[in-house]
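**Q** Test case, fold it:
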Amino acid sequence: MTTECNPANILFICRGNLCRSPMAMVLLQSRLEREGLADRVTVDSAGYHDWNPFPREAHPFARRAVQELCGSDMLAAHSARRWSEEQVGWATLILVAEAWMRADFPADKVMTLKEFGGEKGDVEDPYGGDYAESLTCAKEIQLLIEVGVPRVLDLPRRA
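**A** Okay, the predicted model is just below:
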């Protein structure tokens, strides 16, 4: 049985949790907050690479791109981490940046970011590129989120 009190949980996954998944996380948060829907969906992000014992912040270009698109540095406090079984259990939907990542997650709760936005393919990793590549990536993610938001709002809420 579902309840209207508990939000659906979205987990974004990319390689290092430095660019794509944290940008997607805050871009969705920003979109939901603008529309007064933040209580309906909880978001988180993680990556495949484990940075322990060295904490890593979001890439500076990812932070700058989010600031440009959202008006504030929503990734200032971000610390990259590897995905965990606990997060997978928590998630209602897992959105991966690249199709090969799907194999590690339950088939009934995973899709690519591109599939979420009605497209095919992967969201290319801007890591190692210049700021323009990060901004292009953030804009692509923002568009995929805009298209996919109705799907998020239709997700069952956690009991």
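
**Q** now the helices: where do they sit in the chain?
**A** 20-34, 60-70, 85-90, 113-116, 131-153 (DSSP state H).

**Q** Looking at those helices, spot the one closest to Tyr48.
**A** helix 20-34 (9.8 Å; Cβ to Cβ). The way it works is simple: take the backbone N, C-alpha and C, and place the C-beta from them, glycine included.

**Q** what comes up buried for the closest one?
**A** Neighbour-count burial for helix 20-34, counted by 16 or more other Cβ atoms under 10 Å, picks out 20-32.

**Q** Same question for stretch 45-58.
**A** Applying 16+ other Cβ under 10 Å to stretch 45-58 flags Ser45, Ala46, Gly47, Tyr48, Trp51, Arg56, Glu57, Ala58 as buried.

**Q** quick one, what contacts the residue nearest to Leu11 when sequence neighbours are not counted?
**A** Among residues not flanking Leu11 along the chain, Ala91 sits closest, at 4.0 Å (Cβ to Cβ, 6 or more residues apart in numbering). By Cβ atoms under 8 Å, 6 or more residues apart in numbering, the residues touching Ala91 are Asn9, Ile10, Leu11, Asp44, Lys109.

**Q** Wait, the third one touches Val96, no?
**A** No - with contact taken as Cβ atoms under 8 Å, Leu11 and Val96 are classed as non-touching, separated by 9.2 Å.

**Q** how about TSV for the contacts of Ala91, with pLDDT added?
**A** Shown next, in TSV, are the contacts of Ala91 (pLDDT from 0 to 100):
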residue	pLDDT
Asn9	96
Ile10	97
Leu11	98
Asp44	98
Lys109	96
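
**Q** Save those as a markdown table, and put in neighbour count and distance to Gly148 too.
**A** A markdown table is the format used below for the contacts of Ala91 (neighbours: other Cβ atoms under 10 Å; distance: Cβ to Cβ, whole Å):
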| residue | neighbour count | distance to Gly148 |
| --- | --- | --- |
| Asn9 | 20 | 15 |
| Ile10 | 25 | 10 |
| Leu11 | 25 | 14 |
| Asp44 | 17 | 16 |
| Lys109 | 16 | 15 |
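
**Q** contact partners of stretch 45-56?
**A** Against stretch 45-56 from outside (Cβ under 8 Å, 6+ apart): 11-18, 21-22, 24-25, 79-84, 87, 101.

**Q** Endpoints of that stretch, how far apart?
**A** 14 Å (Cα to Cα, to the nearest Å).

**Q** What mean pLDDT does it get?
**A** Averaging pLDDT along stretch 45-56 gives 83.
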